[in-house]
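A.B. asks: What would the 3D arrangement of this be:
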Amino acid sequence: MTIATTDDQRAVQESIQAWARATNPIETLRQGPADSWRSHWSAIADLGLFSVAQAEEVGGADGEIVDLAVMLEQAAAALAAGPVLSTALAALVVGRSGEAAAKQWGPELAEGNLPVGVVVDGVVTAEADGDGGLVLSGEAGLALGGGPGVGVLLAASRGDDTVWCLVDAEADGLTVEALENVDVSTPLGRVSCAGVRVSADRIVVGLRPGLVRDLAATLVAAEAAGVAGWCLRTAVEYAKIREQFGKPIGSFQAIKHLCAEMLCRVEQTRAVAWDAAVAAESDAELPIAAAVAASVALDAAVDTAKDCIQVLGGIGFTWEHDAHFYLRRVLSLRQLLGGGAFWRARVAELTQAGERRHLTVDLGDLEASRPEVRAEIEAIVALPEAERRAAFAESGYLAPHWPAPYGKSAKAAEQILIGEELVRAELETPNLVIGWWAVPTILEHGTAEQIERFAMPTLRGDLIWCQLFSEPGAGSDLAALRMTAEKVDGGWVLNGQKVWNSLAREADWGICLARTDKDVPKHKGITYFLVDMRSAGIRVSPLREITGDELFNEVFFENVFVPDDGVVGQVNGGWKLARTTLANERVAMSGGSSLGKAMEELLELAERGGPNAVTKDRVGFLIGEAMVGSLLEHRTTLRQLDGQDPGPESSVRKLVGVRHRQAVAEFALELSGPGGAIEGPLSREFLNTRCLSIAGGTEQILLTVAAERILGLPRD
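C.D. replies: Numbers count the residues shown, from 1 in each chain. Presented below is the predicted three-dimensional model:
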């Protein structure tokens, strides 16, 4: 996976990959002088990197900034050298300005004829020259991509205004001191001006303060995604073939978890880079999107590059291996953009000032059906409360992803539209809890009688379900279950123990896995049962959790009879059904804040505590983490709308989401000060969230699964 979400974007990335295979830019970098990047500069321009996001009237392809981000990601993965990022940034600033500068210099930038370095932070003074131009003086600072024979884009203070000037590489009075960049693939120069004259057609005015910096952060995040992706692929490929102690190192849990953590960071980086590029088209929400992108991507890419070298071991520490070039690239970019702490503080400041990112989906032609859906939902809302639940269930809108007549057989886009209309009408969908998992399995694998008996009553709220899967010796390793089911006349007799069952005391029915054949591999001898929780021989014993509550239970089965019509699917075919049950998820877009309720409450708590640098840093980090969760979910939804598999984002979302909820709860308690020692809602929430990294598969098991199933590392 990459930033790309469309076939056209993926095709462009493949073109850049083909170019990189043919030209080997890293080898050119190793063998050539400092300006060896010029040997492949025209080829990069011919690929359309500098023109893709420009309007046709200035020589561009009329694409979007996200198309540019996609190309920069792939160019960075190839470690394309030279002022690539800075020239692309200058082309955006000048080419999209709509002024004389765009008309005069936009085509030159789009064609790559004018390589440019950019001073992102730093301002020189400007005085009018009497001909509509300016005279620039002062120390500008460091120019990313700056060097001999390269133009400079920099900010100049003109009275109360700040303008941007495109300075010719050979301009009198311009000094660009070539510096030794940590990133040996990109020029870096210190810029100063001594009476530099800039004509009117080289001046861009009217830009929002901070726009260039936000655009820079956006494009840097895209490059960070490319570097991080390369590092992940390189580490995983090496872990599959490098052997120690007679087996590939990728089979060791320590390496698997290291690579899985890299995967998490890579997907987070891709998500925020993509979002910032999307937001950049309209600019309204670019400040917060760019700040989040930089706050997440800069550190994530550096950490991923470091971990790549760790997986590679000694070979990764050599100059001969390419890994250090990638670490150098993102390390330099992080420093030049101010570092992660700067951007975390900016995220906190913008958010506390009311900035929010709003994620939406274009439903296209489906919008024509919205009035009909709205009218039907409003009709349900208008009913007396006593009749509303039944009507909601029978309408199909309560579970639209289920097949008709129990749902609407709604595809992804229709589910989103229905969800939006339910929120608009303030018609809250009842939580079926385990019913969300049980009924889809019955609908897919059950008999007509089972469907008739259980589907609609569950929707109406007449039936409550519990799950009877986990056992004392079979938690994450569910196939190790020991509960037995022996065949008798007319049914089965179940014996054994289940544990960690919520709602077992309240439930009418349970979905239960039991072993029906001990003589076959453990995954094959399991059958899926529907158990009446009022059956003789069932004893439910509550378990007291660390919060003091008794949500979970132990359930003991002693000669519990289940009739034959309680078997779902084939005898010994329960493992497949269990996987279906655990995979049943709706397509949904989170309503309300993209940060989530808990994060919004934490913001209020932090504001009451007053300004504090440490608090601001922590809050900024957690806001970025919250946004990452929303973006991973959003990108998963977009893939489903496009008919694709959810991709790795959904797995990463679970890991990131759990860690985030735990971190928010802990920091909220920390902010409460000494009062947090008193039992209360904050301490209870902190204690309660400890279960999140255990229930549904421990964090460590999820990391192992991600390493094996997504990255393809060998099983031990």
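A.B. asks: residue nearest the centroid of this structure?
C.D. replies: By C-alpha atoms, centre = their mean, the chain has its centre lying nearest to Leu632, at 3.1 Å.
A.B. asks: any low-confidence regions in the chain?
C.D. replies: 476, 581-593 (pLDDT under 70).
A.B. asks: By residue count, which helix of it is the longest?
C.D. replies: Secondary structure of the chain per DSSP state H: the longest helix is helix 211-241.
A.B. asks: which of the residues in that one are buried?
C.D. replies: 211-232, 234-236, 238-240 (16 or more other C-beta atoms under 10 Å). For glycine as for every other residue, the C-beta is placed from the backbone atoms N, C-alpha and C.
A.B. asks: Now do the residue nearest to the centre of the chain against Ser693, distance only.
C.D. replies: 17 Å (C-beta to C-beta, to the nearest Å).
A.B. asks: got the domain boundaries for the protein?
C.D. replies: Here the domain parsing of the chain from automatic domain parsing is 7-207, 212-352, 459-583, 597-710.
A.B. asks: First residue to last residue on the second one, what's the distance there?
C.D. replies: In other words, domain 212-352. In domain 212-352, first residue to last residue: 22 Å (C-alpha to C-alpha, to the nearest Å).
A.B. asks: what's the spacing between it and its chain's center?
C.D. replies: Computed by C-alpha atoms, centre = their mean, to the nearest Å, the chain-centroid distance of domain 212-352 equals 13 Å.
A.B. asks: measure Asn113 to Gly106 for me?
C.D. replies: In terms of C-beta to C-beta, Asn113 sits 11 Å off from Gly106.
A.B. asks: quick one, which of those two is more surrounded?
C.D. replies: Gly106 (25 against 13; other C-beta atoms under 10 Å).
A.B. asks: Helix or strand for the more buried one, just tell me which one.
C.D. replies: helix 100-110 (DSSP states H and E).
A.B. asks: Surely Ala194 forms part of a helix?
C.D. replies: No - counting by DSSP: H, G, I helix; E, B strand; the rest coil, Ala194 falls outside a helix, being strand.
A.B. asks: what about the closest residue to it other than its chain neighbours, how many neighbours?
C.D. replies: Closest residue to Ala194 apart from its sequence neighbours, by C-beta to C-beta, 6 or more residues apart in numbering: Gly173 at 4.3 Å. For Gly173, the tally of surrounding residues (other C-beta under 10 Å) stands at 14.
A.B. asks: mind checking how far stretch 363-381 is from the chain centre?
C.D. replies: Counting by C-alpha atoms, centre = their mean, stretch 363-381 comes out at 30 Å from the chain centroid.
A.B. asks: Report the buried residues of that stretch.
C.D. replies: Leu363, Val373, Arg374, Ile377, Ile380.
A.B. asks: Can you tell me what sits against the helix or strand the fourth one falls within?
C.D. replies: In this assignment (DSSP H and E), Ile377 forms part of helix 370-381. Defining contact as C-beta atoms under 8 Å, 6 or more residues apart in numbering, one finds that helix 370-381 is touched by 388, 391-392, 395, 397, 417-418, 421-422, 424-427.
A.B. asks: for the helix or strand that that helix is followed by, packing partners?
C.D. replies: Using DSSP H and E, the helix or strand that directly follows helix 370-381 along the chain is helix 385-395. Counting contacts by 3 or more C-beta pairs under 8 Å, 6 or more residues apart in numbering; DSSP states H and E, helix 385-395 is packed against helix 370-381, helix 448-460.
A.B. asks: Could you dump these into JSON lines and include distance to Trp436?
C.D. replies: Shown next, in JSON lines, are the helices and strands packed on helix 385-395 (distance: least, C-beta to C-beta, whole Å):
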{"stretch": "helix 370-381", "distance to Trp436": "20"}
{"stretch": "helix 448-460", "distance to Trp436": "9"}
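A.B. asks: Of all those helices, which one is nearest Leu713?
C.D. replies: helix 448-460 (39.8 Å; C-beta to C-beta).
A.B. asks: Please list all residues in contact with Asp172.
C.D. replies: Gly195, Val196, Arg197.
A.B. asks: Checking the residue nearest to the centre of the chain next. Helix, strand or coil?
C.D. replies: Classified using three-state DSSP, Leu632 is helix.
A.B. asks: Only the buried residues of the helix or strand that Arg579 is a member of, if you could.
C.D. replies: Arg579 is part of helix 574-583 when elements are defined by DSSP H and E. By neighbour count on 16+ other C-beta under 10 Å, the buried set for helix 574-583 is Gly574, Trp575, Leu577, Ala578, Thr580, Thr581.
A.B. asks: List phi and psi for Ala178.
C.D. replies: Ala178 adopts backbone torsions of phi -70, psi 130, taken as degrees, to the nearest 10.
A.B. asks: Next, count neighbours for it.
C.D. replies: Neighbours of Ala178 (other C-beta under 10 Å): 15.
A.B. asks: now Arg453
C.D. replies: Going by other C-beta under 10 Å, the residues that sit close to Arg453 add up to 17.
A.B. asks: same check, this time on the one 5 residues further on
C.D. replies: Other residues lying near Thr458 total 25 when counted by other C-beta under 10 Å.
A.B. asks: any idea how far the residue of the chain most remote from its centre is from Ala20?
C.D. replies: Outermost residue of the chain with respect to the C-alpha centroid, by C-alpha atoms, centre = their mean, is Asp489; its distance is 52.9 Å. When distance is defined by C-beta to C-beta, Asp489 is 70 Å away from Ala20.
A.B. asks: cool, and Glu428?
C.D. replies: 52 Å.
A.B. asks: before we move on, the earlier item: which is the next helix or strand following the helix holding Arg579?
C.D. replies: In N-to-C order, the element after helix 574-583 by DSSP H and E is helix 597-608.
A.B. asks: who's in contact with that following helix?
C.D. replies: Against helix 597-608 from outside (C-beta under 8 Å, 6+ apart): 351-352, 593, 595, 615, 619, 622-623, 626, 661, 664-665, 667-668, 671-672, 685.
A.B. asks: Filter these down to the buried ones.
C.D. replies: Buried among the contacts of helix 597-608 by 16+ other C-beta under 10 Å: 351-352, 595, 615, 619, 622-623, 626, 661, 664-665, 667-668, 671-672, 685.
A.B. asks: so Val493 sits in a strand?
C.D. replies: Yes - under three-state DSSP, Val493 sits within a strand.
A.B. asks: bridging residues for it?
C.D. replies: Glu486, Phe561 (DSSP bridges).
A.B. asks: if we can go back for a sec, which is the next helix or strand following the longest helix of the chain?
C.D. replies: Counting by DSSP H and E, what follows helix 211-241 is strand 243-244.
A.B. asks: Give the pairing partners of that following strand; include direction for each.
C.D. replies: Strand pairing (DSSP bridges) places strand 243-244 next to strand 247-248 (antiparallel).
A.B. asks: Check which helix or strand Gly610 maps to.
C.D. replies: Judged by DSSP H and E, Gly610 forms part of no helix or strand.
A.B. asks: what about it, neighbour count?
C.D. replies: 7.
A.B. asks: measure it to Leu671 for me?
C.D. replies: 11 Å.
A.B. asks: go on, Ala178?
C.D. replies: Ala178 is 48 Å from Leu671, by C-beta to C-beta.
A.B. asks: hang on, Phe142 in a helix?
C.D. replies: Quick fix: residue 142 reads Leu, not Phe. No - assessed with three-state DSSP, Leu142 is strand; it does not lie in a helix.
A.B. asks: and the residue nearest to it when sequence neighbours are not counted, what is it in contact with?
C.D. replies: Leaving aside its chain neighbours, Leu142 sits nearest to Arg190 (5.9 Å; criterion: C-beta to C-beta, 6+ apart). Applying C-beta under 8 Å, 6+ apart, we find Arg190 in contact with Glu139, Gly141, Leu142, Ala143, Gly146, Val176, Glu177, Leu179.
A.B. asks: need the contact list for Met627.
C.D. replies: So Met627 contacts Val272, Asp275, Val292, Val296, Arg357, Ser594, Leu595 (C-beta under 8 Å, 6+ apart).
A.B. asks: can you do 6 Å?
C.D. replies: Val292 (C-beta atoms under 6 Å, 6 or more residues apart in numbering).
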